[in-house]
Structure formats: C-alpha cells, structure tokens
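Asker: Provided below are the primary sequence and the corresponding predicted coordinates.
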Amino acid sequence: MAPQSAALPATPGRWLAALLLGNMAMAFGPVFVRMADCGPVSAGFWRLILPLPLLMWLARRGGQRVFGQPAPVMLMLVLAGVVFGLDLASWHLGIGHTRLGNATLFGNVGSIFLMLWGLVVARRRPRMNELTAMACALIGAMILLGRSLEIATDTLVGDLLCILAGTFYFAYFLCLRPVQDRVGSWALVFHTGVFAAPVMLATALYLGEPVMPQVWWPVLALALCSQVVGQGLLVASLTRFSPLVIGLALLTQPAISVLVGVIAFHEQPTALDAIGMVLVSSALVLARLRR
C-alpha cells in the first residue's frame, strides 16, 4: 500500500504540482534558517515542533494511524526520527557557514550514498551510469570544496557539515524503508518530528544557542515551508513518479537556492562554481535514476 495524502486528489497533474511545490518549499528553508534570530539548530527545533498539531490533524483526516503502531514499526520510526534530528542539526549548522547552493546540493548527497549502498547489497560491480554518477559527484564536490576553501576555512567547514547531513539522510532513508509503505505520509512526517525534536533541542542546548526567538515569523515560515508543505508533499508524491522525474524535480532546489543567495545574500557564483554544481546535480539525477 502506498502512503496516502490527505490533501490532494490522486491525479498525475496534481501530484506533479505537489512534487515541484514540495521541492520549491524546501529550497526556501535555508533562507529562513539564516533569518531566524535564535540559533540555527534551535530554528530546526521549532520547525519540527510547531507543525505537529496540524500534521496530526492531516494524518487523522486521511485515515492514518498516529498512535498505536506495532512495536517493530514504532522502533524504526524512533530510529528514523533520531537520525533525522542529527541530519537537520548538521545541515542547519552548515547553512550558516556556506553558500545556499552548496548547502542544498551537499544536503542531498544521500541519494549517491543510497546508490552505493545498493551496489554493496547487490554485490556487483557498478554499471557505466553508476560510474558516471560517482565520477561527477567526486569531481563536482572537489571543485565546490576547493572554491569554498578559497573563500574561507569556515565556508569549507559548512560544506563538510552539509555532507555529514547528507550521510545522516542516507541513514534516515534506510530506517524508513521497512515501514514507509505501512505508515501514511502525514503520519510519517508527524512521527519523524516527534522523535527528531528532542535531538534538535538537546543539540541546541549543548551548543549554547538561544532557543527562544524574539521574532517568530522566520521560524513559522520555516515550519510551514520545510516541514508541512515541503516534507509533507515530497513524502506523499515520491512513490507516484519514476526516479528520473524525482531527480529532475530535485534540481529545482539548488537552482532556487542559488538565485535566492544572489538576490538576498549577494553570493555571486563563478563559472567554476556553476561547473561544480552541474556535475553534482548530474550525479544526483543519475543516482535517483538508479534507484
């Protein structure tokens, strides 16, 4: 049984719009993280906590079970939530130290790790398209990391934090795989938020970040864009398209992030940056296609 959505009729045009809208909403998440006057990890905590009542209502409206999941399913949801919390904490820290386009690209490298994991599980040699994806990812990442080091060591650290976030996202996906078809999309996002929020709060307190924002609209916008619209629509639409379509839609995220970085934060990419981004983006599409 595929996850059901409580919001959209199951027509191809509507689901394609949902997929694109979800990617676009996720692309604006880093902007609101930077605008929040609390810490970046604290902003992620509020992203998870604030939408929980709405997500619970959406799950119940769609006939999805929120409480009373079988013990094995609940265990995997807890693990997925903890890993997702580590993913968000790493990514939000990285957003504050690197360019928005880099943060978005490196935060999605979990797709490449999933492709490599599939090769290990299948115990076979990579095919040509898989070798091409790995080569594009490696060369593109080296270009972008080198450019970040030219700007500042701090920017390189931000890139590495976002790559770490992509690694945690890979682990998050592995935790979800056994239960994804048994839990509805809104219930899945709800449980992820419930179990990831304590990880985010503990990390923010450990880092000494201010937790309570003085201005609430950036964290409210982050919660709506990233957790409700972005995460909810992406999870709901993933099973309804081929990996190629999903991979191509994924490219709207770094494109929008680069544009916002130029307009709002005066991050001017060079031709070399563009080459690195194209290579990493190509690797992400090829990895999604393999899946």
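Answerer: Okay, I see it. Numbers count the residues shown, from 1 in each chain.

Asker: where does this protein have its least confident helix or strand?
Answerer: helix 243-250 (a mean of 74; mean pLDDT, DSSP states H and E).

Asker: now what about it, what contacts it?
Answerer: Residues from elsewhere that reach helix 243-250, judged by CB atoms under 8 Å, 6 or more residues apart in numbering: 16, 19-20, 23, 108, 111, 238, 241, 284-291. The C-beta positions use only the backbone N, C-alpha and C, and glycine is treated the same way.

Asker: buried set for the next helix or strand after that helix?
Answerer: Later in the chain than helix 243-250, the nearest helix or strand by DSSP states H and E is helix 252-265. Residues of helix 252-265 classed as buried by neighbour count (16 or more other CB atoms under 10 Å): Thr252, Gln253, Pro254, Ala255, Ile256, Ser257, Val258, Val260, Gly261.

Asker: before we move on, what about stretch 48-61?
Answerer: Leu48, Ile49, Leu50, Pro51, Leu52, Leu54, Leu55, Met56, Leu58, Ala59, Arg60.

Asker: what about it, distance to the chain center?
Answerer: Chain-centre distance of stretch 48-61: 19 Å, with CA atoms, centre = their mean, to the nearest Å.

Asker: give the rounded mean pLDDT of that stretch.
Answerer: What stretch 48-61 shows for mean pLDDT is 93.

Asker: so what's Gly101 up against?
Answerer: Pro254, Ser257, Val258, Gly261, Glu267, Pro269, Asp273, Met277.

Asker: now the fifth one: how far from Val179?
Answerer: Think Glu267. 39 Å (CB to CB, to the nearest Å).

Asker: please apply the same query to the fourth one.
Answerer: Between Gly261 and Val179 the distance is 36 Å, computed by CB to CB.

Asker: likewise for Phe195?
Answerer: 13 Å.

Asker: overlap of the contact sets of the two?
Answerer: Common neighbours of Phe195 and Val179 (CB under 8 Å, 6+ apart) are Leu77, Ala80.

Asker: in the helix or strand where Val121 lies, what's buried?
Answerer: Applying DSSP H and E as the criterion places Val121 in helix 110-122. Neighbour counts over helix 110-122 (16+ other CB under 10 Å) mark Gly110, Ser111, Ile112, Phe113, Leu114, Met115, Leu116 as buried.

Asker: how about the fourth one, nearest residue that isn't a chain neighbour?
Answerer: The one in question is Phe113. Phe170 (3.9 Å; CB to CB, 6 or more residues apart in numbering).

Asker: just checking, the one you found touches Gly118?
Answerer: No: contact criterion CB atoms under 8 Å: Phe170 and Gly118 do not qualify, at 11.3 Å.
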